[in-house]
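Peer 1: What follows is a predicted structure for the sequence shown.
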Amino acid sequence: MKIAVVTSTYPPYHGGMGNVAATQARVFSELGHEVAVYTPGTRNGREAISAKLDIVHIRPLLKIGNGAILPGLVFLPRGTEIVFLHYPAFGLLTPILLWRLLFGRRAKLVVYYHMDPISSGLRGLIFKIITLTCGRMILRFADAILVSSFDYAWQGALGQMPDAIKKKITELPLVVDADFFAPGPCPRDLRERFALGEKNLLFVGGMDRAHYFKGVPILIQSLARLAMPDLKAHFVGGGDLIDDFKVMAKAAHIESSLAFHGPIADDELAELLRCCDLLILPSTGRSEAFGLVVLQALSAGVPVIVSNLPGVRGMVEGLETGWLVKPGEIDDLAEKIKEAYSKPERLKLMGANGRRLVLERWSLPRLRQASARFLADI
């Protein structure tokens, strides 16, 4: 089968949507299908990853942040049988709609609905207009809609859609490479390189304006309220707000307890997770629909503290793998961190539970099985 995966971001850019698209393309290729990923690039070109997987970079007509308009998508290769469009990606909607109307009537269109596009002010108004026009139209034309969790889908915009759209929705949970993100010892050289402390917690995520919802200020303010001088907080990820966060930490007199490492390679992240006691995901709103890094942490045997948000909370089932906090609540997050470190045996048990649940529900073999069934049925 000839499959096109269309996404606005893709590795090496560190972002959840791109990582999901990359895993999806890899799995389809391993199942024996001919796969091409279409994504914005600084120049047009095709990169062969394997015999059955290509990355096609399309020069955008216009690019603002992670959004890009790619007119070239109208002319997807003849013979494309299924297109998987990762949504939201506003600049990609119109070209894919035109492709569907002009050339792709015999092909299948699948929308992977990652999250509701939410913002404030003028940006929020633009999001709303596009969602109600092109966004609604792409969902009408789709043959299937994939979501990472029904919990998130039913409590957001999809839950308000007409029945004709809702009946197309299928849950296909995100997964992690459990062999890559696995428990193990903390490498000594990494301990020295990252200046690890006696106790270490980790945040991983974009620290730019596009990822305003990640809740970094909430985490910094929570750490300032803790009397734990032996605790070191590590921030991994890039973005134009990092300097602002450093200023915030300095104003709170905790700059020596925080370390900003910038973006790091996945192999380093897998090793750093083994060196940390906790992963924190303090997201503040529905723009956080799942949190792939939470699965990576659980796979490595690291318990988590995450915001009680639809989709995200499903990975802390029955509080067996970590703690839930009220989104945006500084004191609640500080209390949960303090509680976690007061019960080291429970931390160890939660880490083991997380690893077990990943192997049962969120591992690559599970995705291969689910993907094979989906492709056979569509």
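Peer 2: Structure's in. What do you need?

Peer 1: I'd like the distance between the residue nearest to residue 295 when sequence neighbours are not counted and residue 291.
Peer 2: Computed as CB to CB, 6 or more residues apart in numbering, the closest residue to residue 295 that is not its neighbour in sequence is residue 176, at 4.1 Å. C-beta here means a position set from N, CA and C on the backbone, and glycine is covered the same way. From residue 176 across to residue 291, the span is 11 Å (CB to CB, to the nearest Å).

Peer 1: How about the contacts made by residue 256?
Peer 2: Contacts for residue 256 (CB atoms under 8 Å, 6 or more residues apart in numbering) come out as none.

Peer 1: Would you tell me what the next helix or strand after the helix or strand where residue 334 lies is?
Peer 2: Element membership of residue 334 [criterion: DSSP states H and E] is helix 330-342. Per DSSP H and E, the first helix or strand lying C-terminal to helix 330-342 is helix 344-361.

Peer 1: Need the residues that contact the helix or strand following that following helix.
Peer 2: Next along the chain after helix 344-361, taking DSSP H and E as the criterion, comes helix 364-377. Outside helix 364-377, the residues within contact range by CB under 8 Å, 6+ apart are 1, 23-24, 27-28, 30-31, 33, 82, 144, 146, 170, 172-173, 175-178.

Peer 1: Is there a quick PyMOL command that grabs whichever of those are buried?
Peer 2: In PyMOL, the members of the contacts of helix 364-377 classed as buried (16 or more other CB atoms under 10 Å) are selected with the following command:
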select buried, resi 23+24+27+28+33+82+144+146+170+172+173+175+176+177+178
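
Peer 1: what's the burial count for residue 54?
Peer 2: Look at residue 54: counted by other CB atoms under 10 Å, it has 17 neighbours.

Peer 1: So it lies in a strand, does it not?
Peer 2: Yes - checked against DSSP: H, G, I helix; E, B strand; the rest coil, residue 54 lies within a strand.

Peer 1: residues touching it, list them.
Peer 2: Counting by CB under 8 Å, 6+ apart, residue 54 touches 35-37, 46-48.

Peer 1: which residues does it bridge with?
Peer 2: When bridges are called by DSSP bridges, residue 54 pairs up with residue 36, residue 48.

Peer 1: And it, how far from residue 111?
Peer 2: The gap separating residue 54 from residue 111 is 22 Å, by CB to CB.

Peer 1: Give the buried residues for the helix or strand bottoming out on mean pLDDT in the chain.
Peer 2: Using mean pLDDT, DSSP states H and E, helix 121-130 stands out as the lowest-scoring helix or strand of the chain, at a mean of 78. Across helix 121-130, burial judged by 16+ other CB under 10 Å covers 127, 130.

Peer 1: next one: it to chain centre, how far?
Peer 2: Relative to its parent chain, helix 121-130 has a centroid offset of 22 Å by CA atoms, centre = their mean, to the nearest Å.

Peer 1: neighbouring contacts of it?
Peer 2: 90, 93, 117-119.

Peer 1: By neighbours, which of these wins?
Peer 2: Ranking those using other CB under 10 Å puts residue 93 first, with 22 neighbours.

Peer 1: domain ranges for the chain?
Peer 2: 2-175+363-377, 188-361 (automatic domain parsing).

Peer 1: quick one: contacts for the residue in the chain sticking out farthest from the centre?
Peer 2: Farthest-out residue of the chain from its mean C-alpha position, per CA atoms, centre = their mean: residue 102, at 32.4 Å. Contacts for residue 102 were tallied using CB under 8 Å, 6+ apart; they are residue 74.

Peer 1: same check, this time on residue 229
Peer 2: Taking CB under 8 Å, 6+ apart, we find residue 229 in contact with residue 257.

Peer 1: Over to it: give its phi and psi.
Peer 2: When read as degrees, to the nearest 10, the backbone of residue 229 gives phi -60, psi -20.

Peer 1: same check, this time on the one 4 residues further on
Peer 2: Dihedral pair for residue 233: phi -100, psi 130, per degrees, to the nearest 10.

Peer 1: heads up, I number from 41, so please use that
Peer 2: With the count now opening at 41, the last piece we talked about shows up as residue 273.

Peer 1: Below-threshold pLDDT in the stretch 241-390 of the chain: ranges please.
Peer 2: Counting by pLDDT under 70, the ranges of the stretch 241-390 of the chain that qualify are 357-358.

Peer 1: Going along the chain, name the helices of the stretch 141-290 of the chain.
Peer 2: 161-170, 176-181, 190-194, 203-206, 228-233, 256-264, 282-291 (DSSP state H, counting those that start in this stretch).

Peer 1: Quick one: closest of those to residue 241.
Peer 2: Distance to residue 241, taken as CB to CB, is lowest for helix 256-264 among these, at 8.6 Å.

Peer 1: That closest one to helix 282-291, inter-axis angle?
Peer 2: Interaxial angle of helix 256-264 relative to helix 282-291 (axes from the mean of the first three to the mean of the last three CA atoms, to 10 degrees): 20 degrees.

Peer 1: ok, residues contacting helix 256-264?
Peer 2: 243, 245, 247, 271, 273, 275, 281, 285, 288-289, 292-294, 297-298, 320, 322, 324, 368-371, 373-374, 377.
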